[in-house]
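> need coordinates for the following:
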Amino acid sequence: MRSDSRRWTGRAAPGERSSECANRPYRNRTLRWWLVGVVVLAIGLAVLQVWQDIGLNFGALVIAGLSAASGRSPFARAKYRDYDEFEKQALMQAHHRAYSTMMALTLTAMGWCAFASHYGWPMPRQFSDWATWAAALLVIGTNLPVLLAEFAIPFPDQEDAT
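I've put the predicted structure just below:
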């Protein structure tokens, strides 16, 4: 089973422009790398906030501002009934993997706190630290399914795109 990826680019061949393609937003190739950067930056700010206080909720505000990146993807905006079977399966797998990753991150963070309290390692102590961790988990949780779907559903070949 193969996805008709022209639906997600908005670049159908001349004369083939269907109403289904006209309703699809343009899919940007750089968005997937932007989402990778958002997830990495969210994790980095959450870790940095614990080791060095970077200001009252500065990290949380930056992370919350970056969370809007997933809204630029057509996989975050389209209705579920608009997908074909390949896309539905890819989205379900993306959400399953994102959920598993979120549980692993949450368990890692709580495990770190358990060991850090015993051994005196750095851990969240102030409200801003916990708010940054919560915002980071929120951003990762909202962006990760879209990120995984962006990588799972391929772009069209160059000859199909023109």
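> now do the longest helix belonging to the chain: which elements does it pack against?
With secondary structure taken from DSSP state H, the chain has its longest helix at helix 85-119. Using 3 or more Cβ pairs under 8 Å, 6 or more residues apart in numbering; DSSP states H and E as the contact test, the elements touching helix 85-119 are helix 127-152. For every residue, glycine as well, the C-beta is placed using N, CA and C.
> the helix it packs on vs helix 85-119, what angle?
150 degrees (axes from the mean of the first three to the mean of the last three Cα atoms, to 10 degrees).
> and helix 127-152, what does it pack against?
Contacts defined by 3+ Cβ pairs under 8 Å, 6+ apart place helix 127-152 against helix 31-51, helix 58-66, helix 74-77, helix 85-119.
> tell me which residues of it come out buried.
Going by neighbour count (16 or more other Cβ atoms under 10 Å), the buried part of helix 127-152 is 128-129, 131-133, 135-137, 139-150, 152.
> low pLDDT regions in the protein?
1-26, 53-61, 63-70, 77-81, 156-162 (pLDDT under 70).
> may I see the buried residues of the longest helix of the chain?
So for helix 85-119, counting by 16+ other Cβ under 10 Å, buried means F86, E87, A90, L91, A94, A98, T101, L105, A109, W112.
> now do it against helix 31-51, angle only.
Going by the same axes, to 10 degrees, helix 85-119 makes 10 degrees with helix 31-51.
> out of the buried residues of helix 85-119, the closest to R27 would be?
Set against R27, the nearest of those by Cβ to Cβ is E87 (12.0 Å).
> please report how far the closest one lies from P154.
Separation of E87 from P154 (Cβ to Cβ, to the nearest Å): 11 Å.
> same check, this time on Q49
37 Å.
> give me the more crowded residue out of these two.
Set Q49 next to P154 and count neighbours by other Cβ atoms under 10 Å: Q49 wins out with 27 against 13.
> tell me how far the more buried one lies from Q93.
From Q49 to Q93 the distance is 32 Å (Cβ to Cβ).
> if I look at L48, how far off is L41?
Counting by Cβ to Cβ, the gap from L48 to L41 is 10 Å.
> got it, and R27?
From R27 to L41 the distance is 23 Å (Cβ to Cβ).
> in terms of neighbours, single out the busier of those two.
Ranked by neighbour count (other Cβ under 10 Å), R27 and L41 place R27 first, with 21 against 17.
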